[in-house]
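Chemist: Build the 3D model from these lines:
(2 chains)
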Amino acid sequence: MSLALPRPATRRLSLRIPRPGLALAGIVLGLAAAAVLWPSAFAGDPLAADPLRVLEGPSAAHWFGTDQLGRDVLDRVVHGARHSLSIGVAATLIAVGAGLLLGLLAGLTHRFADEALSRTFDALSAFPLVLLALLFIAIAGTGTTSLIVAIGIATTPHYARVVRAQTLVVRRAPYVTHAVAFGASRTRLVLRHVLPNVLGPIPVLAMIGLGEAILIAAGLSFLGLGPQPPSPEWGAMLSEGRGYLHIAWWASVLPGCAVTATVISLTVIGRHLQNRFEGRIQ
Amino acid sequence: MRRIRPAAAVIALTLILTTAACSSGSSGSTAGAEAGQPVSGGSLTWAVETEPITFNPHQYAQAKARLLVWNTFEALLTHDSRGGHLPWLSTGHEVSADGKIYTFKLRTDVSFSDGTKFDAAAVKANVDQFLVEGYNPTVLAVQLRNLDRVEVVDPATVAFHLKQPDVLLLDFLSSPQGAQVSPKSLKEAKNLKAGGPELAGTGPFILDRYTAGQEVHFTRNPAYNWAPANAGHTGPAYLDEITYRFLKESSVRVGALTSGQVQVIEGVPATDEALITANRQLSLQRGLNSGSAYSYYLNTAHAPFDDLRVRQAFREAVDVEAVLTGVYRGSATRAWSVIGPTSPFYDSTLEKTYSGDTAKANRLLDEAGWTARDAEGFRTKDGKRLTVRLVQSAPFVRDRRDVLAQAVQAAVKQSAGIDLNVALVDQGTATKALADGEYEVFDNSRADTDAGAALNLLLHSGGAINRTGLKDPALDKLLEEGQASGDQAKRLAAYQQVQKLVITDQALILPLYAPADQVASATTVGGLSFEPTAGVPGSAYNVWLSK
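Modeler: A predicted model of the protein is given here:
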């Protein structure tokens, strides 16, 4: 993408009228964000059970039908957004934070520490993310907090490696060597000169990583390792509804669609941003 | 940066696979077994809901594992269809005039599958095994509480000497715990408590292979020729071999049956019953279990259930009828007492005396001081939320009891602002929570053939699973009366008083439903039945496959 030629004018035009896929992804994410910030504006009580109206199909009263306890599936999907997305966001924040710290440490300290940290990242990257997260949950126990921390830790090496690579480039940049020559303190050097220039690719990376974090969170919740019933969480809803799949597909398929749509949207938008900015960010 | 993320693909694929697995159409043979005569031979695969935590019958604790026990092991007595006893490995028994000595004449033609002869010494070895410390304290404390000693009179005669009259001895001798294990394996088994292929029994099948988490395999015992009179036929079993596969998920079991991977399943959820009955290749049978009803026992040892009004309120807050209709689609039988409705000791006058009165629940809670409400709508007192905890042990969860718990959770929240906290955990965690008193609600049902055994365990102040914390001498006395008397009328009177006391006076228990078993099978399978009195699926002795 980083061509030296000037961009043709049509390219700019196509950005103003986004592709339909991109627009759709934007709408999905907009809805998801609204559901996270203000769920009660769109949906009723996700825990209100009605034992006399269980497993009813989609209707005018219940757009997404009802689940095995007679709860409105749409209400639960909307409220579930907060659980599922906030777990993903929190886990990604942890991963980015830890990744930055460890990546800087590896990139800036002497050879031995760098080797040790890098090989650790490599070793951890060799494990599937879900396995790492499971390992942590096995030690720390189930629950929302440990789920967040587990996914955060499991995805840290990914960010740390990128930060380390960036740091190695930045530390040899002229402005850093000049700052050293001017006698800047080590803290100032890191915070003022290295860190801001390392941050570049992180937002885009985090955007795509967020989708992955949400997916792992839903997967682990599906296994019963996340928020406990009756919390409306997408993965947990999928899991609870799967026993009724052949008589009430809506109770599990629709929460599943919510996960799928969100993750695809995040990936589409993340990819788009990546394509736009790649080459401009160093 | 260029890594491709299979993000969405994974979950989409999962969805597709689950859909495919569950919607596969029905197939299977067209031959019907209903009209045919039993034939020998063939191998059957049967999917069961619960994997036994042990294969040692003495350690038996899961009603769902009962059908496996009787394949390999047998007891001195068996049940007829009306709660009485029939000889099995015995030929008859006599009770002394004072009710303290039970003398059994044993069959002389029986041997264990490891070649050991079955005789009075074997019976003594089995009972003596219970005296080993820590082997099975529950049985020792209830069924064998009054046992003094076992005497080998001659190889074919054994006498049980009791400290005081106790009719539960007969229940023990007809229960899986009273099943006879080869004395040789009792001595030599490396892992006696877990059981498995190294324990030999006298039953019509021999357990020869067990793969944890997957299946257990039995082959026919060709020497078997000592079936009880009500077994349906004599001689060896019909099937050459039988495999029980452990399929925990009900939808997977139903799918395995409709796709012909297995011929029999047990534990058919109410929501799937229509699917089975609509299919002409399949048939469905139901049996109500004996013993105690599936109930919530309220822990009176600490707040908030130390207050009778809160216990009553909890019970009134649940519209059991509506909850059962929702979860079981009307196929569950509601329980009104701690004893199941099929038991001869059931007190039907308790029906419709409580439950479902929301206004009363709220009034009682107000009176008890739980007046304030927090942000989530739960009642509070002195800043503490009205929270009660139910800890469910996963190996004992059947019939979607976890979903039922969530329905009750929603009901008590909506109608009275009670926070029922449900945790589904492994057995170790559950045992610890119960031992530490970290619970307010305990859920249980027992499939004892004599309900008295269940009541002793659950309600007696010394009962091994007395989780209510209630220690009432009057209650203990009634339970002891029920255990000591051989007179059915006296027992009935005692147990009716017990039920009045714990259900009406103390509001100690919220009975939910009478456990039932459902067995669905391909029509090529014949001879499936429920065990008389116990009401659980019987052993595979009579089962046959049409060719």
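Chemist: Wait, a helix at B:Phe160?
Modeler: No. Applying DSSP: H, G, I helix; E, B strand; the rest coil, one finds B:Phe160 to be strand, outside a helix.
Chemist: residues contacting it?
Modeler: B:Phe160 sits next to B:Ile101, B:Tyr102, B:Thr103, B:Phe104, B:Val127, B:Leu147, B:Val150, B:Glu151, B:Leu169 when contact means Cβ atoms under 8 Å, 6 or more residues apart in numbering or on different chains. Every C-beta, even on glycine, is put in place using the N, C-alpha and C of the backbone.
Chemist: Return the members of these classed as buried.
Modeler: Buried members of those, counted by 16 or more other Cβ atoms under 10 Å in any protein chain shown: B:Tyr102, B:Thr103, B:Phe104, B:Val127, B:Leu147, B:Val150, B:Leu169.
Chemist: And the pLDDT for the first one?
Modeler: Note on B:Tyr102: pLDDT of 95.
Chemist: For B:Ala229, grab the count of nearby residues.
Modeler: The local packing of B:Ala229 (other Cβ atoms under 10 Å in any protein chain shown) involves 11 other residues.
Chemist: The one 3 residues further on now?
Modeler: By the measure other Cβ under 10 Å, the count of residues near B:Gly232 is 13.
Chemist: Next: the one 3 residues further on.
Modeler: B:Gly235 is surrounded by 12 other residues when neighbours are defined as other Cβ under 10 Å.
Chemist: List the buried residues for stretch B:79-96?
Modeler: Buried residues in stretch B:79-96, defined by neighbour count with 16+ other Cβ under 10 Å: B:His79, B:Gly83, B:His85, B:Leu86, B:Pro87, B:Trp88, B:Leu89, B:Ser90, B:His93, B:Val95.
Chemist: For the third one, give its distance to B:Gly535.
Modeler: What that stands for is B:His85. Going from B:His85 to B:Gly535 by Cβ to Cβ, to the nearest Å gives 16 Å.
Chemist: do the last one as well
Modeler: Relative to B:Gly535, B:Val95 is positioned 27 Å away (Cβ to Cβ).
Chemist: that older thread, taking the buried residues of stretch B:79-96 together, which two end up most distant?
Modeler: Longest distance between any two of the buried residues of stretch B:79-96 is 19.9 Å, between B:Gly83 and B:Leu89; criterion Cβ to Cβ.
Chemist: Tell me which helix or strand comes right after the host helix or strand of A:Gly103.
Modeler: For A:Gly103, the element it lies in under DSSP states H and E is helix A:73-108. Next helix or strand after helix A:73-108 toward the C-terminus (DSSP H and E): helix A:111-126.
Chemist: got the angle between that following helix and helix A:73-108?
Modeler: Between helix A:111-126 and helix A:73-108, the angle comes out at 150 degrees (axes from the mean of the first three to the mean of the last three Cα atoms, to 10 degrees).
Chemist: Now the helix or strand that comes right after helix A:111-126: buried residues?
Modeler: Moving toward the C-terminus from helix A:111-126, the next helix or strand (DSSP H and E) is helix A:129-140. If you call a residue buried by 16+ other Cβ under 10 Å, then helix A:129-140 has these buried ones: A:Leu129, A:Val130, A:Leu132, A:Ala133, A:Leu134, A:Phe136, A:Ile137.
Chemist: so where is chain A shaky, pLDDT-wise?
Modeler: Scanning chain A for pLDDT under 70 picks out the ranges A:1-18, A:279-282.
Chemist: Please name the residues that touch the residue most central in space within it.
Modeler: Nearest residue to the geometric centre of chain A (Cα atoms, centre = their mean): A:Leu210, 1.3 Å. If you count contacts by Cβ under 8 Å, 6+ apart, A:Leu210 has them with A:Gly88, A:Val89, A:Thr92, A:Leu266, A:Gly270.
Chemist: what ranges do the helices span in chain A?
Modeler: Per DSSP state H, chain A carries helices over the ranges A:9-16, A:20-37, A:73-108, A:111-126, A:129-140, A:144-170, A:174-181, A:186-188, A:195-198, A:202-222, A:234-241, A:250-277.
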